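K.L.:
Predicted coordinates and the sequence they were generated for:
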Amino acid sequence: MQSPRFSRVPGARVTPATSSHRAADLLHEARVSERSGCVTEAMQGYMAAVDAAQRNGEWALQAEALRRVAVLHHHRSEPDAARAAVQRSYDVATRAGDDVLAAEALNVLGGFALEGDDLGGARETFLRALTLGGRSTELQARLEQNLGIVANVQGDLDSALEHYRRSLAAYRASGNEAGCALAFHNLGMISADRRQWDEADDYFQQSLAIARAIGDIRLQGLCQLNHAEVHLARQRFEQAMSGAESALAVFDQLGAQLDKADAYRVIGTVYRETGRPALADARLRSAIELAARTGSVLSEAEASRELALLYQSMGRNQDALQLLNAAHTMFGRLDARGELGDVSGRVARLEATFLALVRDWGQSIESSDSYTFGHCERVANYAVDVAETMGLDTHQRTTVRVGAYLHDVGKIRVAHEILNKPGRLTPEEFDVIKMHPIWGIELLDAVEFPWDIKPIIRWHHEKQDGTGYPDRLRGDEIPLNAQIIGIVDVYDALTTTRSYRPAMSHAAALAEMSQCRHWWRSDVYDAFQRVLQQVESTAA
């Protein structure tokens, strides 16, 4: 969902005297142009207001016009110009000794940090502004709203809800319709986060009605986009598409690149869910490119995940894995910077997508062979139990699971006639089989993973005594995770029917494996035995 946007637009702070009517009129006209989406005219008007106010020594008007100039530069992805303008606004206010004006400038700076995913910097700046200028009821309302947005993005929904409610009450008390519209919008956001769809519908509708009444084009776009995400979650695809396309038209008119990226993501997702993959691909790629260009790590990560799901549905598993890994890396960057409090929840959802993809890919490899279908799933479940018994941590257990799903991916290149041969393989045919770990690595050569699974794929057939393949490793040269997959792989192969022999009983398989226990580390073999004993006792 498109992140809530911070509240930065104050109402008129002063009623200018006759000598200031020119600057005040210019400021008002520029504001009308901005709300109508006429960005070039608005910028020209604000700059004219800055010059007029400076000539007349009207510091409040000059500071306000400079803030609006900064916001327009920011919307046009001109960060240096935006920061220069807002710093100038702050300096003007400070020289005039007006704490509220200085706090207004800090509020804009905090908003820039928020839209740049610097949540820690945003919160600190908003709190500074609240301390400096909190005696202004209207500014307090906007700062409470902005602090609510930070809490919302960080995943502290209770704090966010409290900030939003305080903000809405202050806006209503001051009669600020624009502020009420923003508060309703963000209450819609938090309702959507809580999956309270009816409440979200109501809040977005209230916000959109006010935005239309006051002519705030950008807020209309935000309401339409975020409401579209609610429709998408409820599988109202026609309404989702209509809202996202209307929002895109607004953001295109305003030159709001980040907002366009999020609109493209929603449109691409709708195309994917309604079976139009080519259009979905184009829109989601546009979303990723725009998000990367504007530096929004979160938007880029979310769009990458949606494109990965598209590629998975198209059977482009390697491309999908690349995108998922890229998204995982981006979330890791956010986590390291402490900028996204709910990053663990997002990563968990992403990793669930990862696991679903590799599970489906593993099963698709097995699907042509009724004898081995389900092999990867069984190996994964047993191997994770062995890893847990050995005390491996969550990350290592996930490594084992993903490696198990993909350990036989190289068999894609093995001829069906060899894989399903009913009799004993010739030496030449077995040499082909022994290539599958290498072919698996080649297939995944361009794919990076958050987990170190490639050693599992290459070396799960290696043995402690050096008689395994493909590299005849010995002893501790074989990674622990590969040994865990290897022992479970052998057990499942023995206890399932294959084209060349019937399944062995559990007892017969264990008896045969005991004759070969020197193939595995003793701690791996013992943990494997304990897992099977536990399974047996549970079954009994």
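P.N.:
All right, it came through fine.
K.L.:
Residue 402 is in contact with residue 449, correct?
P.N.:
Yes. With contacts counted by Cβ atoms under 8 Å, residue 449 reaches residue 402, the gap being 6.9 Å. C-betas here are computed from N, CA, C, even on glycine.
K.L.:
With neighbour numbers in mind, choose between the two.
P.N.:
residue 402 (25 against 19; other Cβ atoms under 10 Å).
K.L.:
Look at the more buried one and tell me its secondary structure.
P.N.:
On the three-state scheme (DSSP: H, G, I helix; E, B strand; the rest coil), residue 402 is labelled helix.
K.L.:
any idea which helix or strand comes after the longest helix seen in the chain?
P.N.:
Counting residues, the longest helix found in the chain (DSSP state H) is helix 343-366. Per DSSP states H and E, the first helix or strand lying C-terminal to helix 343-366 is helix 375-389.
K.L.:
Grab the CA positions of that following helix and hand them over as PDB.
P.N.:
The C-alpha trace of helix 375-389 is given here as PDB (Å, rounded to 0.1, in the frame of the first residue of the first chain):
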ATOM      1  CA  HIS A 375      10.400 -36.400  -2.700                       C
ATOM      2  CA  CYS A 376      11.600 -32.800  -2.200                       C
ATOM      3  CA  GLU A 377       8.800 -32.000   0.300                       C
ATOM      4  CA  ARG A 378       9.600 -35.100   2.300                       C
ATOM      5  CA  VAL A 379      13.300 -34.400   2.300                       C
ATOM      6  CA  ALA A 380      12.700 -30.800   3.300                       C
ATOM      7  CA  ASN A 381      10.500 -31.800   6.300                       C
ATOM      8  CA  TYR A 382      12.800 -34.500   7.600                       C
ATOM      9  CA  ALA A 383      15.900 -32.400   7.000                       C
ATOM     10  CA  VAL A 384      14.500 -29.400   9.000                       C
ATOM     11  CA  ASP A 385      13.700 -31.800  11.900                       C
ATOM     12  CA  VAL A 386      17.300 -33.100  11.800                       C
ATOM     13  CA  ALA A 387      18.700 -29.500  11.700                       C
ATOM     14  CA  GLU A 388      16.500 -28.500  14.700                       C
ATOM     15  CA  THR A 389      17.600 -31.600  16.600                       C
END
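K.L.:
That one packs against which elements?
P.N.:
With contacts defined as 3 or more Cβ pairs under 8 Å, 6 or more residues apart in numbering; DSSP states H and E, the packing partners of helix 375-389 are helix 343-366, helix 394-406, helix 480-494, helix 522-539.
K.L.:
For burial, what's the neighbour tally of the closest residue to residue 44 other than its chain neighbours?
P.N.:
Leaving aside its chain neighbours, residue 44 sits nearest to residue 30 (7.6 Å; criterion: Cβ to Cβ, 6 or more residues apart in numbering). By the measure other Cβ under 10 Å, the count of residues near residue 30 is 25.
K.L.:
residues in contact with residue 30?
P.N.:
41-46, 48-49, 65, 68 (Cβ atoms under 8 Å, 6 or more residues apart in numbering).
K.L.:
can you check residue 171 too?
P.N.:
138, 141, 179-180, 182-183.
K.L.:
Now it, what are its backbone angles?
P.N.:
For residue 171, the backbone dihedrals (degrees, to the nearest 10) come out as phi -60, psi -40.
K.L.:
quick one: the residue nearest to residue 44 and residue 452, what's the gap?
P.N.:
57 Å (Cβ to Cβ, to the nearest Å).
K.L.:
Ok, residue 240 next?
P.N.:
In terms of Cβ to Cβ, residue 240 sits 39 Å off from residue 452.
K.L.:
and of the helices and strands packed on helix 375-389, who's closest to residue 258?
P.N.:
Closest of the helices and strands packed on helix 375-389 to residue 258 is helix 343-366, at 18.2 Å (criterion: Cβ to Cβ).
K.L.:
Who are the packing partners of the closest one?
P.N.:
Using 3+ Cβ pairs under 8 Å, 6+ apart as the contact test, the elements touching helix 343-366 are helix 297-313, helix 317-336, helix 375-389, helix 394-406.
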